[in-house]
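J.: dropping the sequence and predicted coords here.
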Amino acid sequence: MINVLFVCLGNICRSPMAEAVFQDMVEKQGLKEKFNIESVGTSSYHVGDKAHPGTRRVLANHGIECHNIARQISRADMDSADYIVAMDRSNAADLQFRTKGTPAEHHIHLLLDFAPQIDFKDVPDPYYSGNFEEVFSLVETGCRGLLEQIRRDHGI
């Protein structure tokens, strides 16, 4: 199994959106049995909450299901992930601090690193802007590039 972990601050907007989009892509390519895909937050602000209504709405508008219940990242999550995919540089810095000196520190990526056609690296937080559709477009582009990279990395 290839373990992919999407990470944002509260695990109610960006990372559950990325989890759902990536899961949808994987299923459509017939690769579901090869992946374990999850999302988490670096904070405990929203532990136990459903994904933000804006996230659920934009995913539903694109025909994608979302069943996420927010949770905070654990050491076990970091140790087992092959790809730890942060939504922005602040999340990535937090993850780098938490994984310093462990093998997991080499598994941290920014989602938009997999979208070289986009000239910035942070997926903006729609919790504050309300721009869930723009975030969906960025997440979809990043997830497409991530899946292509994983397919190359693992020969699938």
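T.: The structure has been received and is ready for your questions.
J.: report all helices and strands that the helix or strand of the chain with the lowest mean pLDDT contacts.
T.: Lowest on mean pLDDT, DSSP states H and E among the helices and strands of the chain sits helix 126-129, with a mean of 92. Judged by 3 or more Cβ pairs under 8 Å, 6 or more residues apart in numbering; DSSP states H and E, helix 126-129 is in contact with helix 132-154. For every residue, glycine as well, the C-beta is placed using N, CA and C.
J.: on that earlier part again, and the least confident helix or strand of the chain, what's buried?
T.: Across helix 126-129, burial judged by 16 or more other Cβ atoms under 10 Å covers 126-127.
J.: one more: stretch 53-71?
T.: Using 16+ other Cβ under 10 Å as the test for burial, stretch 53-71 gives 54-56, 58-59, 64, 66, 68, 70-71.
J.: sort out which one of the residues you listed lies nearest Cys13 for me.
T.: Thr55 (5.3 Å; Cβ to Cβ).
J.: residues contacting that closest one?
T.: The contact partners of Thr55, by Cβ atoms under 8 Å, 6 or more residues apart in numbering, come to 12-14, 16-17, 66, 126, 132.
J.: output these as CSV; include the columns distance to Ala115 and secondary structure.
T.: Formatted as CSV, the contacts of Thr55 follow (distance: Cβ to Cβ, whole Å; DSSP: H, G, I helix; E, B strand; the rest coil):
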residue, distance to Ala115, secondary structure
Ile12, 22, coil
Cys13, 18, coil
Arg14, 14, helix
Pro16, 19, helix
Met17, 15, helix
Cys66, 21, coil
Pro126, 17, helix
Phe132, 18, helix
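J.: ok, which stretches of this structure are helices?
T.: Listed in chain order, the helices of the chain (DSSP state H) span 14-28, 53-61, 75-80, 89-99, 126-129, 132-154.
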